[in-house]
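Visitor: Okay, here's the prediction I keep looking at, along with the sequence it came from:
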Amino acid sequence: GEDVEQSLFLSVREGDSSVINCTYTDSSSTYLYWYKQEPGAGLQLLTYIFSNMDMKQDQRLTVLLNKKDKHLSLRIADTQTGDSAIYFCAETPSSGSARQLTFGSGTQLTVLP
Amino acid sequence: EADIYQTPRYLVIGTGKKITLECSQTMGHDKMYWYQQDPGMELHLIHYSYGVNSTEKGDLSSESTVSRIRTEHFPLTLESARPSHTSQYLCASRGAASYEQYFGPGTRLTVT
């Protein structure tokens, strides 16, 4: 079945860039997503990328997709303390009309002052 | 911004009680989902619905049941809660022509 993997922890200094990495196994993945979860809250959709793209930029967020290596990354420029949260990578397959998401285990980003 | 609501946000109940977790969305989305988020923070799909009167079990086996009588409403029921059901339950929805899945704030359930 599908598998999505992320490193569990990342610490950066305020003002630096953060790069959160994700690998997936399903070569038929259609869309790949990044969600943010703050303590006690639900998941907030940050951005997503279609599998025929290799980069997407949205303000401080840059998503890079290497489809050959099945590697997805999220770069946050000028990281702020408010960016401290858990970031989930997720993918949805091309087959199946329900388009349910398969999630990674999440990366806890800690931004140090 | 998504309009998807879950109640209650927090619930502490005793073993053996029947509970229903509510999820509603006002966007007219036909696809709705329930995920369980365990203490290790990984999310697992437990139920989903294509539309009214259509429900399916997800990847993770669950003793809960769901119903979809109205488009906007997708409640999850546990007939007899057990401590192993302690978890966070997240509801999500998606429109027919969209790949954006939006999440509610979650219900944190503790069964004592």
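Guide: Now that the structure is in, tell me what you want to look at.

Visitor: Just the mean pLDDT for the helix or strand where residue A:110 lies, thanks.
Guide: Assessed by DSSP states H and E, residue A:110 sits inside strand A:107-112. Mean pLDDT, strand A:107-112: 96.

Visitor: who does that strand pair up with?
Guide: Strand A:107-112 has its sheet partners listed here by DSSP bridges as strand A:9-13 (parallel), strand A:85-93 (antiparallel).

Visitor: Can you name the residues in contact with that strand?
Guide: Contact with strand A:107-112 is made by A:6-14, A:18, A:20, A:76, A:79-89, as judged by C-beta atoms under 8 Å, 6 or more residues apart in numbering or on different chains. Where you see a C-beta, it was placed from the backbone N, CA and C, and this is true even at glycine.

Visitor: got the CA coordinates for it in CSV?
Guide: Extracted in CSV, the C-alpha atoms of strand A:107-112 (Å, rounded to 0.1, in the frame of the first residue of the first chain):
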residue,chain,number,x,y,z
THR,A,107,7.3,16.8,11.5
GLN,A,108,7.4,18.8,14.7
LEU,A,109,8.9,22.2,13.7
THR,A,110,10.3,24.2,16.6
VAL,A,111,11.4,27.8,16.0
LEU,A,112,13.9,29.1,18.5
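
Visitor: Centre of the chain to that strand, how far?
Guide: Its chain's C-alpha centre and that of strand A:107-112 lie 14 Å apart, by C-alpha atoms, centre = their mean, to the nearest Å.

Visitor: Would you indicate which residues of it are buried?
Guide: A:107-109, A:111 (16 or more other C-beta atoms under 10 Å in any protein chain shown).

Visitor: quick one: which of the strands paired with strand A:107-112 has the weakest pLDDT on average?
Guide: strand A:85-93 (a mean of 91).

Visitor: right, so the strands paired with strand A:107-112: which one is the most enclosed?
Guide: strand A:85-93 (a mean of 23; mean count of other C-beta atoms under 10 Å in any protein chain shown).

Visitor: Show me the contact partners of it.
Guide: A:2, A:4, A:6, A:20, A:22, A:24, A:26, A:28-39, A:43, A:46, A:72, A:74, A:99-104, A:106-109, B:41, B:43, B:99, B:101.

Visitor: Among these, which lie within strands?
Guide: Members of the contacts of strand A:85-93 lying in strands (criterion: DSSP state E): A:4, A:6, A:20, A:22, A:24, A:29-37, A:43, A:46, A:72, A:74, A:102-103, A:107-109, B:43.
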